[in-house]
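Chemist: no FASTA, just this:
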């Protein structure tokens, strides 16, 4: 008879497999580690998950995660309401905030155009984005979708929408600079990035 | 004012940091992934953790995880009760079981001698091990602690204990073979392993 680990342990490992980049081995290790060495951490994780599920909603204005109807950023009077930065996900918003380089507001798409997954402009609910863009306070739209094929397609689709609509045409549209990353040595930088940096070189 | 992610999200990320090998970046990624794409998996993980905390105990006989007082292995009548394999943790037991090469019983130490962490024979509760070893059915003791300094020290301490006690002296003591791992090419095998394999080479 083949021995099987206790059911509760198997179930726990199976639940860990759903985390990004976690396979069966790491999942089992997580489960065993918590049960053997850190039951306090297991309890905290269980409670934190339940609490997050209960309290985390999407901001009605920008879609990022928040615990109220409108997020801290959208109600912050010190932010520049003339700039709207469009990102794919709350994690992109967090990364931009951590850089402390942007003081405007955001709109989180909660996705990207990805034909292979059946996600087009309709699934992404561009109507919500359009409604947000119709805010006259917004004079500059910054496209900060990822520099991936899907992210680029998403940015392109948004640009088209902005051009089509007369009321939105006068808004300035920009996107994040692309080129050699901070701290990189050219020798070890991939060729696509170098080519991009050459094409978009700046004078002065 | 610096923006901070919602408290529930931060708490969730902080809870994930306690997993082995997970830093703040991966923890945040886990939290965002579950909240954005897979709330069902988050619920399952929360429940699996609570259930495991509630139902997983240590077997009164061998210390491995089980949901009853005595584990499935210890009550299994088809196992060879004359062989007792001593391992450090339930994950080691699982690995040995998955190899399907051993049909005896186990004793899980739930730790290893590690002077740097203040763990000596006393903290490891060798009395429980001694009580288990006094079972006359057990004629062979297999030391299967890890091939690390701590694991080796633990095996050595157990060997000493077995030698000291007259009633235990007659038991056969063995340990796992050490040498070149399955599928390895000598060219890419570390020198310590090759040296070990040469020293412990077998004839015939």
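Modeler: Sure thing, it's come through. Quick caveat, the model's predicted, so the values are computed rather than measured. Residues are numbered from 1 along each chain as shown, chains lettered A, B, ... in the order given.
Chemist: Could you confirm whether any residue of the longest strand seen in chain A contacts chain B?
Modeler: Ranked by residue count under DSSP state E, the longest strand found in chain A is strand A:80-87. No: among the residues of strand A:80-87, none lie within reach of chain B under Cβ under 8 Å from any Cβ of the partner chain; the closest is 12.4 Å away. C-beta: built from backbone N, CA, C; applies to glycine.
Chemist: who's in contact with that strand?
Modeler: Residues lying outside strand A:80-87 but in contact with it, judged by Cβ atoms under 8 Å, 6 or more residues apart in numbering or on different chains, are A:93, A:96, A:102-109, A:129, A:132-133, A:135, A:137-145, A:155, A:158.
Chemist: next one: stretch A:189-198
Modeler: Under the criterion Cβ under 8 Å, 6+ apart, external residues in contact with stretch A:189-198 comprise A:178-181, A:184, A:186.
Chemist: For that stretch, buried residues please.
Modeler: Within stretch A:189-198, the residues scored as buried using 16 or more other Cβ atoms under 10 Å in any protein chain shown are A:193, A:196-197.
Chemist: Could you do stretch A:42-60 as well?
Modeler: Under the neighbour-count criterion of 16+ other Cβ under 10 Å, stretch A:42-60 has A:42, A:44-53, A:55-56, A:58-59 buried.
Chemist: Filter these down to just the ones in helices.
Modeler: When the buried residues of stretch A:42-60 are checked against helices using DSSP state H, the ones located there are A:42, A:44-53, A:55.
Chemist: now stretch A:183-197, how far from the centre of its chain.
Modeler: Shown here is stretch A:183-197, whose average C-alpha point lies 24 Å from the average C-alpha point of the whole chain (Cα atoms, centre = their mean, to the nearest Å).
Chemist: List the contacts of residue A:110.
Modeler: With contacts defined as Cβ under 8 Å, 6+ apart, the neighbours of residue A:110 are A:58, A:63, A:88-89, A:124, B:36.
Chemist: Can I get the buried part of the contacts of strand A:80-87 as one PyMOL selection?
Modeler: Under the burial definition 16+ other Cβ under 10 Å, those of the contacts of strand A:80-87 that qualify are selected in PyMOL by:
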select buried, chain A and resi 93+96+102+104+105+106+107+108+109+129+132+133+138+141+142+143+144+145+155+158
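Chemist: Tell me, how many residues neighbour residue A:20?
Modeler: Other residues near residue A:20 number 12, with proximity taken as other Cβ atoms under 10 Å in any protein chain shown.
Chemist: what's the nearest residue to it if we skip its chain neighbours?
Modeler: Residue nearest to residue A:20 in three dimensions, not counting chain neighbours: residue B:33, with 4.9 Å by Cβ to Cβ, 6 or more residues apart in numbering or on different chains.
Chemist: What's the local residue count around residue A:100?
Modeler: Counted with other Cβ under 10 Å, residues neighbouring residue A:100 total 9.
Chemist: How confident was the prediction at residue A:1?
Modeler: pLDDT for residue A:1: 58.
Chemist: got it, and residue A:11?
Modeler: We have a pLDDT of 95 for residue A:11.
Chemist: how close does it sit to residue A:2?
Modeler: Here residue A:11 is placed at a distance of 18 Å from residue A:2 (Cβ to Cβ, to the nearest Å).
Chemist: These two - which one has more neighbours?
Modeler: A direct count of neighbours by other Cβ under 10 Å for residue A:11 and residue A:2 places residue A:11 higher, at 20 against 6.
Chemist: wait, doesn't the more buried one sit right on residue B:52?
Modeler: Yes: Residue A:11 sits in contact with residue B:52 when judged by Cβ atoms under 8 Å, with a separation of 7.3 Å.
Chemist: picking up where we left off before, adding distance to residue A:170 and pLDDT, write the contacts of residue A:110 out as JSON lines.
Modeler: Below are these laid out as JSON lines (distance: Cβ to Cβ, whole Å; pLDDT from 0 to 100):
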{"residue": "A:58", "distance to residue A:170": "29", "pLDDT": "93"}
{"residue": "A:63", "distance to residue A:170": "25", "pLDDT": "93"}
{"residue": "A:88", "distance to residue A:170": "26", "pLDDT": "94"}
{"residue": "A:89", "distance to residue A:170": "29", "pLDDT": "92"}
{"residue": "A:124", "distance to residue A:170": "24", "pLDDT": "82"}
{"residue": "B:36", "distance to residue A:170": "33", "pLDDT": "89"}
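Chemist: what residues go with each domain of chain A?
Modeler: Chain A breaks down into these domains under automatic domain parsing: A:7-22+A:30-52, A:81-175.
Chemist: just these: most buried one?
Modeler: domain A:7-22+A:30-52 (a mean of 20; mean count of other Cβ atoms under 10 Å in any protein chain shown).
Chemist: how long is it from one end to the other?
Modeler: Across its full length, domain A:7-22+A:30-52 reaches 26 Å end to end, with Cα to Cα, to the nearest Å as the criterion.
Chemist: Am I right that residue A:194 falls within a helix?
Modeler: Yes: remark: residue A:194 belongs to a helix, assigned using DSSP: H, G, I helix; E, B strand; the rest coil.
Chemist: I'd guessed residue A:30 sits against residue A:16; true?
Modeler: Yes: Residue A:30 lies in contact with residue A:16 (Cβ under 8 Å); the separation is 4.7 Å.
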